[in-house]
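Undergrad: just need the structure, nothing else, for what follows:
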Amino acid sequence: MLEEVKEEILSGMLGILLIFGGIMLVPAIPAVIFAEYESAIPFIVTGIVIIIFSFFARKRVKAKESYSRISSIMIAAVGWMLVSVIGAIPFAVVMGFGPVDALFESMAGFTTTGMTLITDFESVPHSILFWRSMMQWIGGAGIILLFTLILVGGGIGSWRLYHMEGREEKFTISTISTVRRIWLIYSALTAICALALVLLGMPAFDAINTAMCTLSTGGFLTKSSILYFGRAEIQVVLCVFMTMGAISFSLFYNILRFDYKQILRDIETKSLIAILLTCSIAVAASLMLDGFDPNYALLEGFFNTISVMTTTGFSSVDLNTWPLVSKSILLLLMVIGGCSGSTAGGMKVWRLIVMYRAARMEIGKISLPSIAIKPIKIGGKALAEGYAVRVGAFVFIYVFAIFVQFIVMSTMVADPLGALSLVASAQGNVGPAFYPVTEVPLPGKALLIASMWFGRLELFPVLALFSREFLDALRAKKEKAYV
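TA: Numbering: from 1, shown residues only. Below you'll find the model as predicted:
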């Protein structure tokens with residue numbers, strides 16, 4: 001039994017490597033187009049080596065199309081770290097980053113966090129700029145999701161892998177069919193966004209990169225600020241597509257099916273938009289009261305509020321110049337994040353709704369007899385027994401993890417608000433913080449790397465690796481193997 005688990009894990013990891021090797025060849029294309037041939041070498045060499053190694057290694061391992069729960073946990077958690085480590089190679093070779101800085105940039109890309117250590121974008125080769133955007137685009141939908149689509153068959157094994165990336169909802173009967181539609185919707189929205197940006201005057205290369213980082217709610221840019229392109233219309237368009245990126249793919253699927261009943265029942269999307277509008281108005285108002293120009297307050301207030309809550313993290317202004325009330329609102333939105341089943345990070349609006357309904361139910365039960373049963377209903381449907389407890393456990397761990405990281409980060413960063421924003425932003429895969437990440441010491445960057453990884457996998461798969469139950473399950477498999 002233990003050998004079977006080992007084979008599943010090895011087969012899965014080699015499959016991810018095989019796909020990843022092909023992906024690493026793509027940035028060589030812009031390197032050739034822009035005659036930056038030297039920057040293409042790390043991508044080509046690394047990609048070819050990975051493809052050859054994984055191809056021949058897979059021949060020695062029995063290919064698997066279904067995976068147990070234990071192997072799914074290992075493949076998801078370790079797979080994300082593995083691709084981030086390999087993805088760091090171009091940053092080390094081309095940009096001259098040290099190991100920790102290179103891994104930081106890579107992890108910030110794949111997890112769609114968008115924190116960056118690059119300050120001079122004009123000197124960065126096009127291949128690196130494209131690689132950063134491509135990492136975010138792939139990471140937005142999910143590395144394991146791509147692996148599931150290409151190399152995994154149907155059945156419970158594909159569902160387990162799908163679930164390990166923090167997704168709970170299937171909007172078709174088959175998991176593979178759901179994954180296929182996610183990638184089709186994702187690709188179509190990215191193409192539409194890129195076209196809209198080109199029509200607004202953005203150069204094609206910048207438009208493609210920006211579109212990938214918008215729909216993935218990643219936030220990397222080819223320039224130091226979105227203001228480089230100089231048109232307010234571009235910010236307005238990005239607000240629309242950032243919001244789309246933070247909405248569940250199931251809504252777009254229902255729109256394509258003209259299923260208006262399901263669209264109208266989508267309480268999470270309605271809540272997301274309501275929170276965005278309310279907080280954007282509040283931020284804009286606080287800026288105006290602080291003496292900022294009304295036009296600036298409205299445009300930047302809405303743009304940065306949407307950018308933070310959708311966990312995209314595009315930069316347009318120095319948030320440290322804003323009043324404390326505006327920064328406090330943005331900090332809260334970092335924790336909340338976007339919708340479940342989207343590319344956005346954070347705790348998710350859905351869990352906020354569940355906890356609110358659970359709290360309201362408990363308050364209402366005080367005046368009822370002790371034997372009264374009052375289920376939690378959302379959208380006309382009662383939640384399964386124990387579901388609210390599961391959500392509550394997630395929220396507790398999420399907030400507690402931020403608190404612990406904040407204490408550790410406070411030993412390295414003297415600014416309390418800056419330290420809190422760094423860890424909340426990293427775990428929520430948001431990006432912006434009220435402290436420059438370039439000034440964080442190496443141990444602090446290592447903490448943020450772990451936090452980004454932890455947050456992208458929505459906590460449980462990473463924690464499961466170190467749980468007693470996981471070790472007991474492995475031990476049981478080992479004992480069965482010797483029977």
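Undergrad: tell me who's in contact with residue 137.
TA: 190, 212, 213, 215, 216, 218 (CB atoms under 8 Å, 6 or more residues apart in numbering). (Each C-beta comes from the backbone N, C-alpha and C, glycine too.)
Undergrad: which SS state does it fall under?
TA: Under DSSP: H, G, I helix; E, B strand; the rest coil, residue 137 falls in the helix class.
Undergrad: phi, psi of the residue nearest to residue 246 when sequence neighbours are not counted?
TA: Residue nearest to residue 246 in three dimensions, not counting chain neighbours: residue 338, with 3.0 Å by CB to CB, 6 or more residues apart in numbering. Main-chain dihedrals, residue 338, degrees, to the nearest 10: phi -100, psi -150.
Undergrad: tally of neighbours for residue 338?
TA: For residue 338, the number of neighbouring residues by other CB atoms under 10 Å comes to 31.
Undergrad: and the gap between it and residue 56?
TA: 41 Å (CB to CB, to the nearest Å).
Undergrad: still on that earlier bit, Throw the contacts of residue 137 into JSON lines and include distance to residue 328 and secondary structure, thanks.
TA: Output for these, formatted as JSON lines (distance: CB to CB, whole Å; DSSP: H, G, I helix; E, B strand; the rest coil):
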{"residue": "190", "distance to residue 328": "33", "secondary structure": "helix"}
{"residue": "212", "distance to residue 328": "31", "secondary structure": "helix"}
{"residue": "213", "distance to residue 328": "26", "secondary structure": "helix"}
{"residue": "215", "distance to residue 328": "28", "secondary structure": "helix"}
{"residue": "216", "distance to residue 328": "27", "secondary structure": "coil"}
{"residue": "218", "distance to residue 328": "25", "secondary structure": "coil"}
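Undergrad: and those residues, which is closest to residue 112?
TA: residue 218 (3.9 Å; CB to CB).
Undergrad: which residues does that closest one contact?
TA: Taking CB under 8 Å, 6+ apart as the criterion, residue 218 is in contact with 109, 112-114, 133, 136-137, 139-140, 212, 312-313, 431.
Undergrad: of those, buried ones?
TA: 109, 112-114, 133, 136-137, 139-140, 212, 312-313, 431 (16 or more other CB atoms under 10 Å).
Undergrad: adding pLDDT and distance to residue 75, write those residues out as JSON lines.
TA: Output for the buried ones among the contacts of residue 218, formatted as JSON lines (pLDDT from 0 to 100; distance: CB to CB, whole Å):
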{"residue": "109", "pLDDT": "94", "distance to residue 75": "20"}
{"residue": "112", "pLDDT": "93", "distance to residue 75": "20"}
{"residue": "113", "pLDDT": "94", "distance to residue 75": "22"}
{"residue": "114", "pLDDT": "90", "distance to residue 75": "25"}
{"residue": "133", "pLDDT": "96", "distance to residue 75": "25"}
{"residue": "136", "pLDDT": "95", "distance to residue 75": "21"}
{"residue": "137", "pLDDT": "95", "distance to residue 75": "21"}
{"residue": "139", "pLDDT": "90", "distance to residue 75": "16"}
{"residue": "140", "pLDDT": "89", "distance to residue 75": "19"}
{"residue": "212", "pLDDT": "96", "distance to residue 75": "25"}
{"residue": "312", "pLDDT": "95", "distance to residue 75": "28"}
{"residue": "313", "pLDDT": "90", "distance to residue 75": "28"}
{"residue": "431", "pLDDT": "90", "distance to residue 75": "27"}
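Undergrad: which of the residues you listed sits closest to residue 61?
TA: The closest of the buried ones among the contacts of residue 218, once distances to residue 61 are taken by CB to CB, is residue 139, at 25.9 Å.
Undergrad: show the contacting residues for the residue nearest to that closest one when sequence neighbours are not counted.
TA: Spatial nearest neighbour of residue 139, chain neighbours left out: residue 110 (4.0 Å); criterion: CB to CB, 6+ apart. The neighbourhood of residue 110, defined by CB under 8 Å, 6+ apart, consists of 80, 83, 84, 87, 135, 136, 138, 139, 143, 456.
Undergrad: ranges for the strands of the protein?
TA: Assigned by DSSP state E, the chain shows strands spanning 377-378, 381-382.
Undergrad: as TSV, the ones you listed with mean pLDDT, mean neighbour count and distance to residue 353 would be great.
TA: Conversion of the strands of the chain to TSV gives the following (pLDDT from 0 to 100; neighbours: other CB atoms under 10 Å; distance: least, CB to CB, whole Å):
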stretch	mean pLDDT	mean neighbour count	distance to residue 353
strand 377-378	80	13	6
strand 381-382	79	10	12
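Undergrad: now the buried ones among the contacts of residue 218 in CSV, with distance to residue 39?
TA: Compiled in CSV, the buried ones among the contacts of residue 218 are given as follows (distance: CB to CB, whole Å):
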residue, distance to residue 39
109, 16
112, 23
113, 24
114, 22
133, 15
136, 19
137, 19
139, 21
140, 24
212, 19
312, 27
313, 25
431, 25
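Undergrad: by pLDDT, rank the contacts of residue 137 and give me the bottom one.
TA: Lowest-confidence member of these: residue 218, scoring 92 (pLDDT).
Undergrad: enumerate every residue touching the closest residue to it other than its chain neighbours.
TA: Leaving aside its sequence neighbours, residue 218 sits nearest to residue 136 (CB to CB, 6+ apart; 3.1 Å). Residues near residue 136 by CB under 8 Å, 6+ apart: 109, 110, 112, 114, 212, 213, 216, 218, 219, 220.
Undergrad: hmm, try it at 7 Å
TA: 109, 112, 212, 213, 216, 218, 220 (CB atoms under 7 Å, 6 or more residues apart in numbering).
Undergrad: what's the burial count for residue 363?
TA: 9.
Undergrad: what pLDDT does it get?
TA: In this prediction, residue 363 has a pLDDT value of 84.
Undergrad: before we move on, back to that, hmm, the residue nearest to residue 246 is touching residue 311, no?
TA: Yes. The pair residue 338 / residue 311 is scored as a contact, 6.0 Å apart, by CB atoms under 7 Å.
Undergrad: overlap in contacts, those two.
TA: 217, 344, 346.
Undergrad: now do the phi/psi pair for the last one.
TA: For residue 346, the backbone dihedrals are phi 80, psi -180 (criterion: degrees, to the nearest 10).
Undergrad: ok, now how distant is it from residue 111?
TA: Taken as CB to CB, the span from residue 346 to residue 111 is 12 Å.
Undergrad: again, but for the first one
TA: Counting by CB to CB, the gap from residue 217 to residue 111 is 11 Å.
Undergrad: same check on residue 241?
TA: From residue 241 across to residue 111, the span is 20 Å (CB to CB).
Undergrad: what's the answer for residue 461, then?
TA: Residue 461 sits 13 Å away from residue 111, going by CB to CB.
Undergrad: that concludes my questions; thank you for your assistance.
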